[in-house]
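**Student:** generate coordinates for the sequence data below:
(chains A and B)
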Amino acid sequence: MRIAVCIKQVPDTEARLRVAKDGKWLDEEDLRFVINESDEYAVEEALTWAEKTGGEVVIISLGPARVQEALRKGLALGAAKAIHLVDEAYQGGDARATAVALAAAIQNEGADLVLTGSQSDDVGYGSTASLVAGHLGWPHAWLVMGLEVEEGGATAKVTREMESGMNEVFRLTLPAVIEVQAGINHPRYASLKGIMKAKRKPIDKPTPAELGLDAASLGAAGSHLEILEIAFPDSGDGAQMIEGDAAAAAKELVEKLQKEARVL
Amino acid sequence: MDFSLTPEQLAIQEAARDFALGEVDPIVDEYDEAQKFPMDVMMKAGELGFLGILFPEEYGGAGLGYIEYALIITELSKIDPSVGISVAAHNSLGTNHIYKFGNEEQRQRWVVPLAEGKKIAAWGLTEPDAGSDAAATKSRAEKVEGGWILNGTKQFTTHGTVGDVCVIMAVTDPSAPRHHNISAFVLEKGMDGFRPGKKENKLGIRASDTAEVVMENCFVPDENLLGEPGEGFIQALQILDGGRISISALGLGTAIGAFETALAYSKERHQFGKPICQFQAIQFHLAEMATRIAAAEILTLSAAAEMDRSGKVSQLASKAKLYSGETAVFCAERGVQILGGYGFIKDYRAEKYFRDAKICTIGEGTSEVQRMVIARNLLRGH
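**Tutor:** Predicted coordinates:
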């Protein structure tokens, strides 16, 4: 069984973010990048099922040169190869343009199953994998909390988390795109031997032409969505600190909620 | 001159950091308080290769050098100096002694399971009356048919109670000149006449296992002798050179841990209407700590690099160990000062770093002994 995992490299959630000079993205200088959290769980899920079914894992990511570090980590954890969509034509795209490229790379690899995280920790659109499934014409599941590959990879049983703490369980046919949530498993740590072995594993960097893609449909050129501005919301106004002991503060709070905010 | 780490070295550093945060951080306070050895953590560290960092793959190790080793010990020590010293002692003392001076059969028998992390190594040199003056060793090994009979007590042995395989230095020929009368033997847990003695109740690094080991008419077969009789003392000195890189990395990690704790606190703690990191008095502490840490890091890594290049590091390893150890104590003390009252209680780790740091100016050669070694090298021939 060949399992592809799409990962995204995102700024460390603990990093202090600054807006870049053009106001359209983050200032990436001195910014630490890590594998998107739910994607780490997707990698672990893929490695587990590859081990159980005797298959192998291919890690795919679209992004600039720095993304190689994330791919190496995936290889150190046990993936057999990586695909880095690093060509300039792929960069700066919206979820749709990114999905076009990822779908082509997945098809080129002949994957039986695609795993990825449910949402990225930076922009958080949560739509790239759905679009990948759409391009491939494959079934798709989002917010997955449990996965069981069945019948040697013909179908998969999926547990999804719904509202009110209820679970939904369904079966889908493979190939499929499955988006997992953080917490679905316990991601392994990279071992020293794994890190050294990763050095010798291949990272393919296919061009759009090699994937049969028209550069005009990719990256910024192929996007229908353009980021106009990113900014921190104004803070400070409207917040009131209530000092004093708990009983008096609670009384004052109730009073304010009744008379000023008029929500009680 | 290029001080940058390779992508693999960065990945190894990150792997050690991930492991320390995920597996060590949650248990640090409980194990420190209870003086409990984290055997589970050590076994998990073994699965990832951290107990065989320095040994070739054919002996079950990761086949890495002292730079990677120092990076790992530093990362572990940032979170818990106890785990840092346990992993360090296992690698660079016990296992390394057998790897460096053992024959092929001895390497297969002991280095392989130790490097694979299936067994824990100990190393016994210090005695009640032979600390810095290791040549004053009294433990005695007498030749008998097929082996040796060992008697004596080793003190402050890391992994004295949990160790499976222990390298012991003992006098084999009292009539031979000093420095040429000691030999090194491999003793195994469960041998008749070999047992752990008193486990020490320590100021710091309390989760690491430090104990006496006692030999009472313990028969050790000939095949457990490392190298030739009489080479033990010289072997031990070479092992200590590598050990000083361990303590240098331990001190560096401890210093960084104390610094990061203080830095984070200084941003959160508000007094007089602003975070205390905005007061110059606190900033000067932080700047001094950060500068000394940077210097300790360069010294540690350059000693490690020299060890990988030439294997001859007495002088540099002593300088690195001296400076990093003193930096650990300095930063831990300043850390407590920055946290003020909260540095004096156990709610924050500043108090623990303060206790843990002190071993760095004592273990594997006190700061005074390091200065002695450095001065002796400077004044050779005078």
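**Student:** what sits closest to residue 12 if chain neighbours are left out?
**Tutor:** Going with chain A. A:Arg32 (4.2 Å; C-beta to C-beta, 6 or more residues apart in numbering or on different chains). Placement of C-beta: from N, CA and C, glycine included.
**Student:** sorry, should have said chain B
**Tutor:** That would be B:Glu68: by C-beta to C-beta, 6+ apart, it lies 5.2 Å from B:Ile12.
**Student:** starting at the chain centroid, how far to the helix or strand the one you found falls within?
**Tutor:** For B:Glu68, the host element (DSSP states H and E) is helix B:66-79. When distances are taken as C-alpha atoms, centre = their mean, to the nearest Å, helix B:66-79 is centred 11 Å away from the chain's centroid.
**Student:** run a quick neighbour tally on the residue nearest to B:Ile12.
**Tutor:** By other C-beta atoms under 10 Å in any protein chain shown, 25 other residues sit near B:Glu68.
**Student:** next one: A:Asp121
**Tutor:** Counted with other C-beta under 10 Å, A:Asp121 comes out at 18.
**Student:** quick one: the helices in the stretch 101-250 of chain A, in order.
**Tutor:** A:128-136, A:192-198, A:246-259 (DSSP state H, counting those that start in this stretch).
**Student:** does the shortest one come close to chain B?
**Tutor:** Yes: Helix A:192-198 is in contact with chain B by C-beta under 8 Å from any C-beta of the partner chain, via A:Leu192, A:Lys193, A:Ile195, A:Met196, A:Ala198.
**Student:** adding pLDDT, neighbour count and distance to B:Ser92, write these out as a markdown table.
**Tutor:** Compiled in a markdown table, the residues of helix A:192-198 next to chain B are given as follows (pLDDT from 0 to 100; neighbours: other C-beta atoms under 10 Å in any protein chain shown; distance: C-beta to C-beta, whole Å):
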| residue | pLDDT | neighbour count | distance to B:Ser92 |
| --- | --- | --- | --- |
| A:Leu192 | 97 | 24 | 16 |
| A:Lys193 | 95 | 17 | 19 |
| A:Ile195 | 96 | 27 | 20 |
| A:Met196 | 95 | 19 | 20 |
| A:Ala198 | 95 | 23 | 26 |
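**Student:** average model confidence for the next helix or strand after the helix holding B:Glu68?
**Tutor:** Downstream of helix B:66-79, the next assigned helix or strand under DSSP H and E is helix B:81-88. Averaged over helix B:81-88, pLDDT sits at 98.
**Student:** just the residues contacting helix B:81-88, thanks.
**Tutor:** Residues external to helix B:81-88 that are found in contact with it (C-beta atoms under 8 Å, 6 or more residues apart in numbering or on different chains): B:20, B:24, B:28, B:31-32, B:37-38, B:41-42, B:45, B:50-51, B:72-74, B:76-77, B:158-159, B:204-209, B:243, B:246-247, B:249-250, B:253-254, B:257, B:353, B:356-357, B:359, B:363.
**Student:** about what we covered before: quick one: contacts for the residue nearest to B:Ile12?
**Tutor:** A:Leu192, B:Gln9, B:Ile12, B:Ile53, B:Ala62.
**Student:** in TSV, list these along with secondary structure and distance to B:Cys166.
**Tutor:** Formatted as TSV, the contacts of B:Glu68 follow (DSSP: H, G, I helix; E, B strand; the rest coil; distance: C-beta to C-beta, whole Å):
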residue	secondary structure	distance to B:Cys166
A:Leu192	helix	25
B:Gln9	helix	32
B:Ile12	helix	28
B:Ile53	coil	20
B:Ala62	coil	23
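**Student:** now residue 93, nearest residue through space, not along the chain?
**Tutor:** Looking at chain A here, since you left the chain open. Nearest to A:Gly93 is A:Gly219, by C-beta to C-beta, 6+ apart, at 4.4 Å.
**Student:** hmm, no, I was thinking of chain B.
**Tutor:** Closest to B:Leu93 by C-beta to C-beta, 6+ apart is B:Trp123, at 3.6 Å.
**Student:** element containing the one you found?
**Tutor:** strand B:121-124.
**Student:** residues making contact with the next helix or strand after that strand?
**Tutor:** Remark: after strand B:121-124, the chain's next helix or strand is strand B:140-144, criterion DSSP H and E. By C-beta under 8 Å, 6+ apart, the residues outside strand B:140-144 that reach it are B:148-152, B:170-172, B:174, B:183, B:185, B:219-220.
**Student:** name every strand pairing with the next helix or strand along the chain from strand B:140-144 and say which way it goes.
**Tutor:** Downstream of strand B:140-144, the first helix or strand assigned by DSSP H and E is strand B:147-158. Note on strand B:147-158: by DSSP bridges, its sheet partners are strand B:140-144 (antiparallel), strand B:210-221 (antiparallel).
**Student:** check contacts around the closest residue in space to A:Ala154 that isn't next to it in sequence.
**Tutor:** Excluding the flanking residues, the one nearest A:Ala154 by C-beta to C-beta, 6+ apart is A:Leu174, at 6.2 Å. Residues in contact with A:Leu174 (C-beta under 8 Å, 6+ apart) are A:Asp112, A:Leu113, A:Val149, A:Gly153, A:Ala154, A:Thr155, A:Ala156.
**Student:** okay, strands next: where are they in the chain?
**Tutor:** No chain in the question, so chain A it is. A:2-6, A:9-11, A:33-35, A:56-62, A:81-85, A:113-117, A:140-150, A:155-161, A:167-173, A:177-180, A:203-204 (DSSP state E).
**Student:** please go with chain B instead
**Tutor:** B:121-124, B:140-144, B:147-158, B:165-171, B:182-188, B:194-199, B:210-221, B:225-226, B:270-271, B:274-275.
**Student:** give me whichever of those is most buried.
**Tutor:** strand B:121-124 (a mean of 29; mean count of other C-beta atoms under 10 Å in any protein chain shown).
**Student:** what pairs with that strand, parallel or antiparallel?
**Tutor:** Here strand B:121-124 has these sheet partners by DSSP bridges: strand B:165-171 (parallel).
**Student:** just the C-alphas of the partner strand, formatted as CSV.
**Tutor:** Below are the C-alpha coordinates for strand B:165-171, written out as CSV (Å, rounded to 0.1, in the frame of the first residue of the first chain):
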residue,chain,number,x,y,z
VAL,B,165,27.5,-3.5,33.5
CYS,B,166,30.1,-1.6,35.6
VAL,B,167,33.7,-0.8,34.8
ILE,B,168,35.8,-0.9,38.0
MET,B,169,39.4,0.4,38.5
ALA,B,170,41.4,-1.6,41.0
VAL,B,171,45.0,-2.1,42.0
